[in-house]
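**Q** compute the structure for the input listed below.
(6 chains)
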Protein chains: 6
Amino acid sequence: MSKPYKKILITGAAGRLGSELRRGLAPLADTLVLADRVACENLQPNETALVFDLADEAATMAATEGCDAIVHMGGAPLERPWEEILDSNIRGSYHIYEGARKHGVKRVVYASSVHAIGYHGINDGIDADAKPRPDSLYGVSKCFVESLASLYWDKFGIESACIRIFSSFPEPADRRMLWSWLSFDDCIRLVTACLTTPHLGNTITVGMSDNKVKPVNMSNSGFLGYQPQDSSEPYREAMEAKTDAADPKDPATHRIGGWFVNLGHPNDEAAE
Amino acid sequence: MSKPYKKILITGAAGRLGSELRRGLAPLADTLVLADRVACENLQPNETALVFDLADEAATMAATEGCDAIVHMGGAPLERPWEEILDSNIRGSYHIYEGARKHGVKRVVYASSVHAIGYHGINDGIDADAKPRPDSLYGVSKCFVESLASLYWDKFGIESACIRIFSSFPEPADRRMLWSWLSFDDCIRLVTACLTTPHLGNTITVGMSDNKVKPVNMSNSGFLGYQPQDSSEPYREAMEAKTDAADPKDPATHRIGGWFVNLGHPNDEAAE
Amino acid sequence: MSKPYKKILITGAAGRLGSELRRGLAPLADTLVLADRVACENLQPNETALVFDLADEAATMAATEGCDAIVHMGGAPLERPWEEILDSNIRGSYHIYEGARKHGVKRVVYASSVHAIGYHGINDGIDADAKPRPDSLYGVSKCFVESLASLYWDKFGIESACIRIFSSFPEPADRRMLWSWLSFDDCIRLVTACLTTPHLGNTITVGMSDNKVKPVNMSNSGFLGYQPQDSSEPYREAMEAKTDAADPKDPATHRIGGWFVNLGHPNDEAAE
Amino acid sequence: MSKPYKKILITGAAGRLGSELRRGLAPLADTLVLADRVACENLQPNETALVFDLADEAATMAATEGCDAIVHMGGAPLERPWEEILDSNIRGSYHIYEGARKHGVKRVVYASSVHAIGYHGINDGIDADAKPRPDSLYGVSKCFVESLASLYWDKFGIESACIRIFSSFPEPADRRMLWSWLSFDDCIRLVTACLTTPHLGNTITVGMSDNKVKPVNMSNSGFLGYQPQDSSEPYREAMEAKTDAADPKDPATHRIGGWFVNLGHPNDEAAE
Amino acid sequence: MSKPYKKILITGAAGRLGSELRRGLAPLADTLVLADRVACENLQPNETALVFDLADEAATMAATEGCDAIVHMGGAPLERPWEEILDSNIRGSYHIYEGARKHGVKRVVYASSVHAIGYHGINDGIDADAKPRPDSLYGVSKCFVESLASLYWDKFGIESACIRIFSSFPEPADRRMLWSWLSFDDCIRLVTACLTTPHLGNTITVGMSDNKVKPVNMSNSGFLGYQPQDSSEPYREAMEAKTDAADPKDPATHRIGGWFVNLGHPNDEAAE
Amino acid sequence: MSKPYKKILITGAAGRLGSELRRGLAPLADTLVLADRVACENLQPNETALVFDLADEAATMAATEGCDAIVHMGGAPLERPWEEILDSNIRGSYHIYEGARKHGVKRVVYASSVHAIGYHGINDGIDADAKPRPDSLYGVSKCFVESLASLYWDKFGIESACIRIFSSFPEPADRRMLWSWLSFDDCIRLVTACLTTPHLGNTITVGMSDNKVKPVNMSNSGFLGYQPQDSSEPYREAMEAKTDAADPKDPATHRIGGWFVNLGHPNDEAAE
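**A** Here you go, the predicted model:
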């Protein structure tokens, strides 16, 4: 059985998630093109690497040539000053979609974020495609790409999954991750589902493991066939032993964006 | 413990599903009355058989006499010229409901179909009782019976479950069935749930196994207590090895009715 | 300015509503083709007349030839024995849609009925496209045509408006019509809106005048641009003076189908 | 790891559920204060006991002093004459909330009941926080406390979970409990989840085990992290053997309140 | 034409709204029975008066005898200490419903209040039957009666309209009333609609005039046929000239309960 | 009565709508600060003018100083190449919001656009705050600002109304504007409502006059008190006389974005 893709471009390939996806997506494509601002290490036979900045339009568009799918994990991974968000996340993602359009890439899987909807309450009973309610400029940039993905599907026929990743770490790193955690293996399962589902269209979903706490109604995403296999539960006891209980009235506790909602403006922070 | 029913009429008993239901529903009734246009084979001690056409009003109504439930699987099982759909599915089902009314049958389980709602999109997040959106004259006839069932409940107090069966086959027969498959055993479980739930009223639900891909939100059907036990997953690898990937933009891929949405008019086909 | 249509076929043209539509739709087409089982009288220069039964497939299909729109008001106008409903409303409407398909008619306006949804409660807050819940075989036949219209749009691209007409009479004829009345002029306004709206697609709406009591949320139909100008209010005092108050617990009072919900089976009635 | 609470007040501690909660909640607090109208037996080292009537404002408020959470299970446990409902459930619960307000208690878990929503239909597809539709004065008193809890959250910042407990018994005691059963262990799991979830706010949920029949859509309660471990299924066969099937048209069968919906007025009963 | 009612009991008849209703409801009944804690003045020939306290069960129930409808406006009209709310609003309203049940009164129109839902936001887009979210003990008592009305309809067949009256005053008395005002004439129109609609069942609606600002979606109440004729607009200029603009972040501005949401606990106030 | 604002900044003040708003908003502020890339003419005594480019961060932020409200109409008014959209609409609007934050501006009214949701269907029955579904890069930039407005409310407490303006022209300029038209006077009414409503929070609404065709359900915006006074109806006859009927199957007819949905990529166009 041949692989579903010939060549998949992975942006942010040197990052935390990118490294995992190199392993996880290998079965899906003959070649993985690894792109990052820094060099990726330990290249495998099925891998080629590119070093460029997403803000570089020409380089970014060139990287998409010949690819039949893009897993776009690159860009600033958390709140940063506006200029950096603008360059890496807004302009950079536009370059990716323009590359896809110019070179006939059929499908994009994008690492959106819980921070695109971070001000929704943990007990609001939101759906996976809840309306934008960003908690940071970082989150605003994620909303921007989600609307860009919508346009490129409706107008240019490029399929996208925008995965609002909650907290993808090796293991839960704080109490909040007891409900927001997405294990690396589940992340790979979800990206794989988005790449292999027969019809993707323009889809917004969320990325969490099978944790006990489920603040999002996932029924609209059932067509993806994503079934998480991991849970934060084995980490609960140790985490609760070493950390204090959360304050129920702290917005960081009751908004799904967590501590991002308590951040000030990144340019103020940078100026200090 | 006595069986819940004295006599259940199964129409279409010689068909693919009918044969399985003979086995599966045996525990629910003292007698199964098997009805079909052709003779049923291998009659068991708990079975009696009738041969007639559903378009035959007198015969159909007579068959319902003395029954306390009907499992109505008969009629044209896929797209057919209008006259045949009219006779077997529309007129035939009317005869069944009239028989139920005249002879005091309390409950009907009807094999409706995914094709009653086939033009809904696979990622529309539909509920089990989504609005009619048929993909064929066959599907229109299923919508007809669903509205007939509604009338016979509201006006005459006859309970019905209209099960929108997706793809009930011995095993998944094409890639689409990797999400639409309903195993025979799960079909029996679902029909059994409909026959034994304390209160059925007029219910519309869908019939699928516990496949990974779940394009329908089933929460409104939770009261039935149907818990599928089978999955298409064990068949995936072999199926993907021997078939080509679906085209994401083919309506047969992204509409839940599958290839039915690409059929022309059956009378045109018949004329060719 | 030329008229929007060259030739509109009006079925049921000799009936109560049909006569009014002859007057009301004259500005929309060069020619009105009047079809009924009985001869239409007082033919005008812009009118041609045909006499045939909708159950006659050949005649019905022939009548649609050369038309660019159909206003399908024909068929049994209230509860009738099954065979008559089957012939005039189910088979007859199928012939109309087949004629439209064969002869390239672009748009159909169909007289559906409140009786397609008659078992919904008057205070259920339903939308104009509420799910089928027929109160009679007549109502079931209306549901059938609504699903047929859906199919012919999705598969064959024929636009339809199914207008669930409540009570279209010269003036309110009983207390229920104080809320369910659709004046003839408003009926013409609504049919005209359906024929002239730039995009119709497949639309289900309801037909009522601007009565004080509004049991249906019409917001989904706002795109049609229908603005009723009449009201039952001027008739209220006289009607209340000459009729008894309704019994609040009579289903005919609290179900929107009115006295239809209290009808028995039409074939039983016929047999008496 | 220290326990999450210093002192939890359990009302109704001598009752059926209260006794179980003594065992189940011990890990959550240094001290459990057991309150009931009758003496609790077998006091453990971590327990202190109080005997008073909830209608006694001074005693009830005094009992809440020094507690940081209240598990309010006390009051009339089923339909009773109005004066008793008024005193124990309405006035008594007001005393509890006033105690919480005066003494700075942060969180209340309240035993609301299926009877607050008992007239909803079993196949209505309700959510866990369905609108009030009580089936008894008992149910009305539960609605009262739910609205009181809402006020005390919005105005005074006291978090509450109102758990609409279905049927919490050692094992299913009738056929209805095959779907409405909440095992004692699952009840403890649910109360524990409400006491330990980082942010509770004002939450309404339902209490049922993982029974096959699921008449309530729980997706809005996913943030609680409650995962039932028990099921009524092992009891089904024996229960069905010894009891008659339910009448599908008996309101006690199709309304979720069960036999409560068939009760008359409790003061009439008392007068007989 | 005879009047629709023989005898209507109006509670709170000596109050602000009660006096208006004496005038407004006169056309609906042969006799108005006026009940209040104080004597009503200027009795008309069609009026009889009773003086009693709603907390007096025997007197209240006696007052309902022989009436075929009750317009229940009595009880504490705003936030009061708990004991007073309990006696006049909770116990008092129970006595009214018990009187209705014992003496066969068919329909009750109850003055519920915006304060039953006062914590909903002005821009939340709520429906007329939004979930309880009281802003005061007064509001909690309104929720109590709404749930009581639900019970007495479902179990005893007594129809009720619970009108969540916003601000019924001779004219807008503060800036908030520019959107919350219900003129006396519109109040009479609404109560009249509730008394004369053919089927009322158990209905929750809101009472506001046709003000420009419409924070509540009224589409579910369209079946009542209530059409307000007054507007606060003529009072705007004068009101804005003599009062300061509201603070957008004051909860009294953005919660529909207005200044009630800023009230403390009434018993604390009373103690001061 | 003093004016509600001391100083309102109007961006895009030299544009089509800006000129009208100078007239219309004069009653709301002591001073209007007119900002545009070109000089505004005919300055009035209550006006001061600034000439700068929104892409100029320092100038834009300086312009907001001392203002208590901003009416942000500036930026590219239709589809433009990406770099221009990026500079004027994305970067420019960020500068506006940063100015508001730095200088304590309390409220922003933003000219969002139908093109933020242009791919929704005209008969989809959308609400005023429908999910983003842009039809152009221009529309994507409008979605960006809507999410930015959400962030600045949730995190920094700046109120915003994002008005999705449909077609604001002196009079309907094509057939589509017969339903999408927003007269200048109604535009002024709507902006005025947004500036004077007591509580605005973060609001998304749409801007259309009281045209017959109403494709958007406005019930969620009722709290604004916007009541359009104009209608396209007087222009219908002339418009229909001089233009051809729309093709019902042209996306420009059935998507609310109109001809924008048929545009290609602006950079391609620019390159030609």
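**Q** ok, residue A:128 - contacts?
**A** Neighbouring residues of residue A:128 by Cβ atoms under 8 Å, 6 or more residues apart in numbering or on different chains: A:164, A:204-206, A:216-218, A:220-221. The way it works is simple: take the backbone N, C-alpha and C, and place the C-beta from them, glycine included.
**Q** any residue of stretch A:5-13 touching chain B?
**A** No. For stretch A:5-13 and chain B, the contact criterion (Cβ under 8 Å from any Cβ of the partner chain) is not met; the two come no nearer than 10.1 Å.
**Q** contacting residues around that stretch?
**A** Residues from elsewhere that reach stretch A:5-13, judged by Cβ under 8 Å, 6+ apart: A:18-19, A:21-22, A:25, A:28-36, A:40, A:49, A:54, A:63-64, A:66-75, A:77, A:96, A:105, A:111, A:195.
**Q** cutoff 6 Å now
**A** For stretch A:5-13, contacts defined as Cβ atoms under 6 Å, 6 or more residues apart in numbering or on different chains pick out A:18, A:21, A:28-36, A:40, A:63-64, A:66-74.
**Q** of these, select the buried ones using a ChimeraX command.
**A** With 16 or more other Cβ atoms under 10 Å in any protein chain shown as the burial test, the buried ones among the contacts of stretch A:5-13 are selected in ChimeraX as follows:
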select /A:18,21,28,29,31,32,33,34,35,36,40,63,64,67,68,69,70,71,72,73,74
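**Q** give me every residue in chain A lying close to chain D.
**A** Residues of chain A lying near chain D by Cβ under 6 Å from any Cβ of the partner chain: A:122-123, A:125, A:212-215, A:217, A:241, A:246, A:248, A:253-254.
**Q** chain F: which of those is nearest?
**A** The closest of the residues of chain A next to chain D to chain F turns out to be residue A:254 (Cβ to the nearest Cβ; 13.0 Å).
**Q** helix/strand/coil for residue A:32?
**A** With DSSP: H, G, I helix; E, B strand; the rest coil as the basis, the three-state label of residue A:32 is strand.
**Q** swap in residue A:199?
**A** Classification of residue A:199 by three-state DSSP places it in coil.
**Q** who are the neighbours in contact with it?
**A** Residues counted as contacts of residue A:199 (Cβ under 6 Å, 6+ apart) are B:122, B:248, B:253-254.
**Q** picking up where we left off before, can you flag which of the contacts of stretch A:5-13 belong to strands?
**A** Secondary structure assignment (DSSP state E) places A:29-36, A:69-72 from the contacts of stretch A:5-13 within strands.
**Q** do a quick rundown of the strands in the stretch 151-272 of chain A.
**A** Counting by DSSP state E, counting those that start in this stretch, the segments of the stretch 151-272 of chain A that form strands are A:159-165, A:167-168, A:181-182, A:202-207, A:216-217.
**Q** for the stretch 1-150 of chain A, which residues are neighbours of chain F?
**A** Where the stretch 1-150 of chain A comes near chain F, counting by Cβ under 6 Å from any Cβ, the residues are A:119, A:132-134, A:140, A:143-144, A:147-148, A:150.
**Q** one step back: the contacts of stretch A:5-13: which ones sit near chain B?
**A** Among these, no residue is within reach of chain B (Cβ under 6 Å from any Cβ).
**Q** burial check on residue A:45, number of neighbours?
**A** In terms of burial, residue A:45 registers 6 neighbours under the definition other Cβ atoms under 10 Å in any protein chain shown.
**Q** then residue A:50?
**A** Neighbour count of residue A:50, defined by other Cβ under 10 Å: 17.
**Q** what secondary structure does it sit in?
**A** Three-state secondary structure (criterion: three-state DSSP) places residue A:50 in strand.
**Q** without its sequence neighbours, what residue ends up closest to it?
**A** Of all residues not flanking residue A:50 in the chain, residue A:35 sits nearest, at 4.7 Å (Cβ to Cβ, 6 or more residues apart in numbering or on different chains).
**Q** wait, that neighbour touches residue A:48, no?
**A** No. Here residue A:35 does not reach residue A:48: they are 9.6 Å apart, not a contact under Cβ atoms under 6 Å.
**Q** just give me the longest helix of chain A.
**A** Scanning chain A for the longest helix, with DSSP state H as the assignment, gives helix A:137-154.
**Q** what's the angle between that one and strand A:159-165?
**A** With axes from the mean of the first three to the mean of the last three Cα atoms, to 10 degrees applied, the angle from helix A:137-154 to strand A:159-165 works out at 160 degrees.
**Q** can you give me the pLDDT of the residue nearest to residue A:249 when sequence neighbours are not counted?
**A** Nearest residue to residue A:249 in three dimensions, chain neighbours excluded: residue D:157, at 7.2 Å (Cβ to Cβ, 6+ apart). Residue D:157 carries a pLDDT value of 98.
**Q** and what of the one 5 residues further on?
**A** pLDDT, residue D:162: 98.
**Q** that one reaches residue D:147, doesn't it?
**A** No. The pair residue D:162 and residue D:147 fails to qualify as a contact (Cβ under 6 Å) at a distance of 9.6 Å.
**Q** run a quick neighbour tally on residue A:4.
**A** 18.
**Q** dump the residue contacts of it.
**A** Contacts of residue A:4 were listed using Cβ under 6 Å, 6+ apart, and they are A:28, A:196.
**Q** so how far is residue B:242 from it?
**A** In this structure, residue A:4 lies at 15 Å from residue B:242, with Cβ to Cβ, to the nearest Å as the measure.
**Q** report the separation between the residue nearest to residue A:118 when sequence neighbours are not counted and residue A:124.
**A** Take residue A:118 and drop its neighbours on the chain: the residue closest to it by Cβ to Cβ, 6+ apart is residue A:257, 2.0 Å away. Between residue A:257 and residue A:124 the distance is 12 Å, computed by Cβ to Cβ.
**Q** looking at those two, which is more packed in?
**A** Neighbour comparison, residue A:257 and residue A:124: the larger count goes to residue A:257, with 28 against 19 (by other Cβ under 10 Å).
**Q** go ahead and confirm that one touches residue A:115.
**A** Yes. When contacts are counted by Cβ under 6 Å, residue A:257 is listed as touching residue A:115 (5.4 Å).
**Q** can you list residues touching both of those two?
**A** Listed contacts common to residue A:257 and residue A:115 are residue A:135; contacts here mean Cβ under 6 Å, 6+ apart.
**Q** quick revisit: which pair in the contacts of residue A:199 spans the largest distance?
**A** B:122 and B:248 (10.3 Å; Cβ to Cβ).
**Q** can you give me the helices in chain A?
**A** Chain-ordered helices for chain A, with DSSP H as the definition, fall at A:16-25, A:57-64, A:82-84, A:92-103, A:137-154, A:177-180, A:184-196, A:233-242, A:251-254, A:266-271.
**Q** up against chain E, what does the stretch 1-150 of chain A have?
**A** The interface of the stretch 1-150 of chain A toward chain E, taken as Cβ under 6 Å from any Cβ, is empty, with no residues included.
**Q** shaky segments in the stretch 1-150 of chain A?
**A** Within the stretch 1-150 of chain A, the set of residues satisfying pLDDT under 70 comprises A:1.
**Q** return the distance of residue A:154 relative to chain E.
**A** Relative to chain E, residue A:154 is positioned 27 Å away (criterion: Cβ to the nearest Cβ, to the nearest Å).
**Q** ok, that residue - contacts?
**A** For residue A:154, counting by Cβ under 6 Å, 6+ apart, the contacting residues are residue F:119.
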